[in-house]
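>>> Requesting a structural model of the entry that follows:
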Amino acid sequence: MAQRLSPVASRRIQSELNEWMRSPPEGCALESCEPMTTWIIIMQGPEGHGRFYADDVFRIKIDFGENYPLDPPDVVFMAPAPIHPHIYSNGHICLDILYSGHNGGWSPALTMSKVVLSLRSMLASATEKRKPPGDAEYCARVGNRSPKLSKWVFEDDKV
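Numbering: from 1, shown residues only. Predicted coordinates:
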């Protein structure tokens, strides 16, 4: 059953979808947007010398809630998630712009194009290819529930 959206959310998602179709972010393609509340993005790993993910292709799932853009959507990497210090094996991403609240950096001014470009940039700036500390324990504890239900601490801006 499709998510019920507020009129504001519906207009905003449609506007972003139209903009995406006119000018998709570099290295990204929209695989699916049916229903409109769930987008599947195909993202090429960033290219260039020394890039850990240059030959990789990832899928990202974006689930918009009824209060988008006031509330951020759920954004997760689909399996297999990249091996990265800020991406858990279940696809949850430790990146402040994906969360609102106490220390989150979400802003209604952000678009999904800007979000996926931030994810590509995060991959491009990785200094090592490893899982986050406590990956197995975190994934066992939270499973596939919304990453917005986790208490994130954003302290590492180097990767």
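
>>> hang on, isn't Leu110 packed against Ile97?
Yes. Counting by Cβ atoms under 8 Å, Leu110 does reach Ile97; the two are 6.2 Å apart. C-beta coordinates here come from the backbone N, C-alpha and C atoms, glycine included.

>>> Between the two, which contacts overlap?
Applying Cβ atoms under 8 Å, 6 or more residues apart in numbering, one finds that Leu110 and Ile97 are jointly contacted by Pro72.

>>> ok, these two, which is more surrounded?
Ile97 (19 against 16; other Cβ atoms under 10 Å).

>>> Is that one in a helix, a strand, or coil?
helix (DSSP: H, G, I helix; E, B strand; the rest coil).

>>> nearest residue to it other than its sequence neighbours?
Gly105 (4.6 Å; Cβ to Cβ, 6 or more residues apart in numbering).

>>> so what's the one you found up against?
Counted by Cβ under 8 Å, 6+ apart, Gly105 has contacts 96-97, 99, 154.

>>> Any stretches of the chain with poor pLDDT?
1-3, 49-50, 155-159 (pLDDT under 70).

>>> and the residue nearest the centre of it, which of the three is it?
Central residue of the chain (Cα atoms, centre = their mean): Val75, 3.6 Å from the mean position. Secondary structure for Val75, judged by three-state DSSP, is strand.

>>> Can you give me the distance of it to Pro7?
Distance, Val75 to Pro7, by Cβ to Cβ, to the nearest Å: 23 Å.

>>> what do you get for Tyr68?
Separation of Tyr68 from Pro7 (Cβ to Cβ): 12 Å.

>>> More neighbours: these two, which one.
The neighbour comparison of Tyr68 against Pro7 (other Cβ under 10 Å) goes to Tyr68, with 23 against 7.

>>> nearest spatial neighbour of the more buried one, skipping sequence neighbours?
Tyr68's closest residue in space is Ala9 (Cβ to Cβ, 6+ apart), at 4.4 Å.

>>> Was I right to think that neighbour contacts Phe64?
Yes. Using Cβ under 8 Å, Ala9 is in contact with Phe64, at 6.5 Å.

>>> the more surrounded of the two?
Using other Cβ under 10 Å as the criterion, Ala9 and Phe64 rank with Phe64 on top: 25 against 22.
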